[in-house]
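I need the structure of the sequence given here:
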Amino acid sequence: MTSSDWLPQSFQSLKHYSRKALLSDVVAGITVGFVALPLAMAFAISSGVSPQAGLYCAIVAGFLISFLGGSTTQIGGPTGAFVVVVFGIVARYGLDGLFMCTLMAGILLVILGVTGLGSLVKFIPRPVVVGFTNGIAVLIASTQIKDFFGIRVDNVPGEFVGRMLVVGRNFRSLSPAATGLAIVALLMIIFFARFVKRVPGYIVALFLGTLLVALLKLPVETIGTRFGGIPPGLPSLRIPRFHLDLMRPLIPSAITVAMLGAIESLMSAVVSDRMSGGKHNPNVELVAQGVANIFSPLFGGLPATGAIARTATNIRSGAKTPVAGMVHALTLLAIVVWAAPLARFIPLSVLSAILLVVSYNMGEWGEIPELLRLTRLEIATWLLTFALTVFADLTVAVEVGMILAAFVFIRKVTATTTVTEVTDEYLREGHAHILQHKEIPPYVTIFRIHGPFLFGATDKIEQIISRLPELPPIVILRLRNMTAIDATGLQALQTLADAVRASGRSLILCGAREQPSRLMRQTEFEQHVESRNICVSIAEALDRAKALSQLVEHNVTVGHMDGGVER
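Below is the predicted model:
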C-alpha cells in the first residue's frame with residue numbers, strides 16, 4: 001500500500017467538499033446523534049455500567065472512527081455485540097479490568113489493520129457468525145426482562161439459566177406502571193418502523209416516556225433513581241489503574257473484543273458500501289477502530305465498533321462524507337453538556353423496550369431457515385455455536401465453532417477428490433463444457449470460479465460486483481471447475497445474483513458439479529436466479545444468453561412501435 005492508501009476517508013472526502021454536502025452531513029449527523037442517544041445509554045446499562053459510559057464511548061470513539069476511518073458513512077460506538085462480553089468482564093474484573101481489556105483490544109485492532117491481518121476475519125464462516133449473533137441477541141433480550149417489567153430483584157446472575165430462574169421466581173413483583181410504559185414504547189417503536197420510517201421510533205419512545213415520567217411522576221425506576229443521573233459537562237480524561245496481574249487473564253477477553261469489533265465494523269462497512277455506493281478501506285478502518293478503542297477507556301467509555309443500524313440511518317438521512325459521523329458525536333456531546341439533568345427522568349423500562357427491538361433486529365433470524373437447508377455438519381456448527389454462546393461463553397462458542405468449521409472445510413475439500421475412468425462417453429459429454437471453438441457474443445461476458453468456493457475465498461467475487469457498471473447485459477458464471485461450495489460461498493453467490501439483477505443485467509450459472517448443484521437445490525437458489533438461468537453446460541448457457549438477448553431486442557422493438565402509435 002502507498003501512503004495515499006492509508007489516508008482516512010475524511011481527508012479524501014474534503015478534497016472536493018461542498019456547502020451542499022456539508023448541509024446534508026449536518027442534518028444526517030444530528031439525526032443519527034439523537035438515534036444513538038438511547039442506544040448508547042441502553043447498551044451501557046445492560047453491560048452493567050453507568051449510562052454515561054455508553055455516551056462517552058459514542059462521543060469519543062464515534063468521532064475518531066469517522067475522523068480516521070476507511071469508510072465514508074460508517075457510524076461507530078457501543079453496540080449490542082459487546083453487551084454480553086462487557087458484562088462478564090465487569091462482573092469478574094471490575095471497571096479497571098474493562099478499561100484495560102478495551103485498550104488491549106484497541107492495540108490488537110491497530111496491529112490487525114497495519115499488518116493487513118484484518119482479512120483473517122473473512123475466515124469465520126457463515127454458520128459460526130449467525131450462531132453467535134443469534135446467541136448474543138437472545139442473551140441481550142434476557143437481560144432486559146427485569147427492567148421491562150420493573151421486577152424488584154437486586155442481584156441477577158450473569159449466566160443465562162441463573163438469570164432466567166431468578167427472574168421467573170420474582171416475576172410476581174413486577175411493576176404495572178413500568179410494564180405499561182415499556183409496552184407502549186415497544187408498540188410505538190414497531191409502529192414507526194413500519195409506517196413512519198422517516199422518524200426513528202427510538203427517539204419518539206424515549207422522549208414521550210421521559211415526558212410522561214417527569215409530568216405524571218410515575219413510580220418507575222429511572223436513570224436518576226438507579227444511577228443518580230448523568231454528570232453534566234465534558235467527559236474528563238483519566239488514566240485507568242492498570243493491574244499487571246490482570247493482563248494475562250484478560251488476553252482471551254481482549255482477543256474476543258478485538259475480533260468482535262473487527263467482524264462487526266467490517267460487516268457494517270460492507271453494508272455502508274452497498275447502500276451508499278462507496279468502497280471502504282478495511283485496513284484503515286481497523287486502525288481507526290483500534291485508535292478509538294484505545295482512547296475510549298481513557299474517558300471512561302465502553303468498547304466500540306461499527307454500528308450497522310446507525311450507519312444505515314446515517315445514509316438514509318442523507319450523509320455524504322465522514323463529517324456526518326463527526327457531527328453525530330458532537331450532537332451527543334452537546335446533549336451531555338446542556339441536557340444531562342433531564343436524563344434523570346429517562347425510565348429504564350423504555351430503554352429495555354428499545355434494546356428488545358435492537359436484539360431482535362440484530363438476531364439475523366431470517367438466516368436460520370436457509371441454514372437449515374444446508375448439510376448436517378453446517379447445521380451442527382450453527383446450533384453448537386448458538387448453544388455455547390447462550391449457555392456457556394462467547395469466546396468458547398467462537399473457538400468451538402471455528403474448530404467444527406475447520407472439520408467441515410476439510411471434509412468438503414477431501415470429498416472433491418475423485419478417481420474416474422476416461423471413457424468415450426466422458427469425452428463426448430466434455431464437448432458441451434469446453435470453451436474452445438465457441439463464439440462469445442458481445443452482449444455476454446464469462447467469469448469462472450476455479451477450486452473450492454468456501455469461506456475465506458468468497459471475497460474474490462467482489463471483482464465481478466465492482467465491475468458491473470462496465471459489463472455487458474448478460475453475465476455467465478462458469479462453475480465447471482468449482483469443486484465444492486459451503487454456506488458462506490452460497491451467500492456470496494446470492495449476493496452476486498442480487499447485485500447483477502439490481503444493475504438490470506442477467507446472470508446465468510452453468511456447469512455446477514454434483515456437490516454445489518445439490519446444495520443449490522437444497523437452499524432453493526432459484527429464488528435469486530431464474531431456474532432457466534441455471535444451465536448444465538457452457539453450450540446451454542450461451543444458447544440461453546442468445547434467447548435472453550433476442551427477448552430484450554423484441555421488447556425494445558415493441559416499445560418503440562408502441563411509442564410511435566402514441567405519438
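
Could you identify the helix or strand that succeeds the strand or helix carrying A214?
For A214, the host element (DSSP states H and E) is helix 201-216. Using DSSP H and E, the helix or strand that directly follows helix 201-216 along the chain is helix 223-227.

now for the very next helix or strand once past that following helix, which elements pack on it?
Toward the C-terminus, helix 223-227 is succeeded by helix 244-276 as the next helix or strand (DSSP H and E). Under the contact criterion of 3 or more CB pairs under 8 Å, 6 or more residues apart in numbering; DSSP states H and E, helix 244-276 touches helix 83-115, helix 282-295, strand 305-306, helix 308-316, helix 394-415. For the C-beta atoms, the positions are set from N, CA and C on the backbone; glycine is no exception.

list the buried ones in helix 244-276?
Within helix 244-276, the residues scored as buried using 16 or more other CB atoms under 10 Å are 246, 250, 253-273, 276.

Then stretch 476-496?
476-480, 482-496.

How about stretch 434-449?
V444, T445, I446, I449.

average pLDDT for it?
Mean pLDDT, stretch 434-449: 84.

cool, and stretch 129-141?
Rounded mean pLDDT across stretch 129-141 is 85.

Please list the outside residues in contact with that stretch.
For stretch 129-141, contacts defined as CB atoms under 8 Å, 6 or more residues apart in numbering pick out 46, 80-81, 83-84, 160, 263, 355-356, 358-360, 362-365, 367-368, 371, 381-390, 394, 397-398, 401.

Report the helix or strand with the lowest average pLDDT across the chain.
Ranking every helix and strand in the chain by mean pLDDT, DSSP states H and E puts helix 424-430 at the bottom, with a mean of 67.

returning to that earlier point: quick one: which of the contacts of stretch 129-141 sit in strands?
Per DSSP state E, strands hold no members of those.

where exactly do the helices run in the stretch 351-500 of the chain?
367-371, 376-391, 394-415, 424-430, 462-466, 487-502 (DSSP state H, counting those that start in this stretch).

so can I have JSON lines of these showing distance to A329?
Output for those, formatted as JSON lines (distance: least, CB to CB, whole Å):
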{"stretch": "helix 367-371", "distance to A329": "32"}
{"stretch": "helix 376-391", "distance to A329": "31"}
{"stretch": "helix 394-415", "distance to A329": "28"}
{"stretch": "helix 424-430", "distance to A329": "61"}
{"stretch": "helix 462-466", "distance to A329": "30"}
{"stretch": "helix 487-502", "distance to A329": "31"}
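
and of those helices, who's closest to G180?
For G180, the closest of these is helix 376-391, at 29.4 Å, according to CB to CB.

Next, the angle helix 487-502 makes with that closest one.
On the basis of axes from the mean of the first three to the mean of the last three CA atoms, to 10 degrees, helix 376-391 is oriented at 100 degrees to helix 487-502.

tell me the contacts of V529?
A497, L507, I508, L509.

and after the host helix or strand of the third one, which helix or strand comes next?
In this structure, I508 is located in strand 506-510 according to DSSP H and E. For strand 506-510, the following helix or strand on the C-terminal side (DSSP H and E) is helix 514-522.

returning to what we had before: how far does the strand holding I508 sit from its chain's centre?
Centroid displacement of strand 506-510 relative to its chain, using CA atoms, centre = their mean, to the nearest Å, is 28 Å.

now what about that strand, what contacts it?
Contacts for strand 506-510 (CB under 8 Å, 6+ apart): 473-480, 493, 496-497, 500-501, 529, 533-538, 540-541, 544-545, 548.

ok, 7 Å please
473-479, 496-497, 500, 529, 533-535, 537-538, 540-541, 544-545, 548 (CB atoms under 7 Å, 6 or more residues apart in numbering).

Okay, now the unreliable bits of the protein?
Along the chain, segments meeting pLDDT under 70 span 1-4, 118-123, 412, 415-421, 424, 426-432, 436-437, 456-458, 554-567.

Now do the helix holding A214 and helix 308-316, the angle between them.
100 degrees.

If you count contacts, what does helix 201-216 end up packed against?
Using 3 or more CB pairs under 7 Å, 6 or more residues apart in numbering; DSSP states H and E as the contact test, the elements touching helix 201-216 are helix 19-46, helix 176-195, helix 348-362.

For that helix, buried residues please.
For helix 201-216, by 16+ other CB under 10 Å, it's G201, Y202, I203, V204, A205, L206, F207, G209, T210, L212, V213.

Just give me the closest of the residues you listed to G113.
Using CB to CB, the buried residues of helix 201-216 come closest to G113 at Y202, 31.2 Å.

how close does that closest one sit to R194?
As for Y202, its distance to R194 is 14 Å (criterion: CB to CB, to the nearest Å).

again, but for I239
Taken as CB to CB, the span from I239 to R194 is 47 Å.

Filter the contacts of stretch 129-141 down to the buried ones.
Going by neighbour count (16+ other CB under 10 Å), the contacts of stretch 129-141 have 46, 80-81, 83-84, 160, 263, 355-356, 358-359, 362-363, 367-368, 371, 381-386, 388-390, 394, 397-398, 401 buried.

rewinding a little: direction included, what does the strand holding I508 pair up with?
strand 474-478 (parallel), strand 534-535 (parallel) (DSSP bridges).

That strand: which residues count as buried?
Quick answer for strand 506-510 (16+ other CB under 10 Å): S506, L507, I508, L509, C510.

Using JSON lines, lay out the residues you listed together with distance to A288.
As requested, the buried residues of strand 506-510 are exported to JSON lines (distance: CB to CB, whole Å):
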{"residue": "S506", "distance to A288": "39"}
{"residue": "L507", "distance to A288": "35"}
{"residue": "I508", "distance to A288": "40"}
{"residue": "L509", "distance to A288": "38"}
{"residue": "C510", "distance to A288": "42"}
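
Nearest to P125, out of the residues you listed: which one, please.
L509 (21.8 Å).

And the contacts of stretch 305-316?
So stretch 305-316 is contacted by 28, 31-32, 35-36, 73-77, 79, 81, 200, 260-261, 264-265, 267-269, 271-272, 275-276, 289, 324-325, 361 (CB under 7 Å, 6+ apart).

possible to save the helices and strands packed on helix 201-216 as a markdown table with distance to A304?
Compiled in a markdown table, these are given as follows (distance: least, CB to CB, whole Å):
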| stretch | distance to A304 |
| --- | --- |
| helix 19-46 | 10 |
| helix 176-195 | 24 |
| helix 348-362 | 16 |
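
Out of the ones you listed, which is closest to I89?
helix 19-46 (13.5 Å).

angle of the closest one against helix 348-362?
When the same axes, to 10 degrees is applied, the directions of helix 19-46 and helix 348-362 differ by 110 degrees.

immediately after helix 19-46, which helix or strand?
helix 51-68.

Work out the gap between that following helix and the centre of the chain.
18 Å.

which other helices and strands contact that helix?
helix 19-46, strand 76-77, helix 282-295, helix 323-339.

Next, the residues that contact it from outside, please.
Outside helix 51-68, the residues touching it (CB under 7 Å, 6+ apart) are 8, 10, 36, 40-41, 43-45, 74-78, 223, 227, 230-231, 235, 287-289, 291-293, 295-296, 299-302, 304, 322, 325-326, 328-329, 332-333, 336.

how about the closest residue to S175 other than its chain neighbours, what does it touch?
By the measure of CB to CB, 6 or more residues apart in numbering, the closest residue to S175 outside its immediate chain neighbours is G150, 2.9 Å from it. When contacts are counted by CB under 7 Å, 6+ apart, G150 touches L174, S175, A178, T179, V220, E221, S349.

again with P235
Contacts of P235 (CB under 7 Å, 6+ apart): Y56, I59, V60, F299, G300.

Distance-wise, check it relative to S46.
P235 is 20 Å from S46, by CB to CB.

can you check A304 too?
Taking CB to CB, one finds A304 at 15 Å from S46.

G97 now?
G97 is 18 Å from S46, by CB to CB.

Please consider this matter closed, and thank you.
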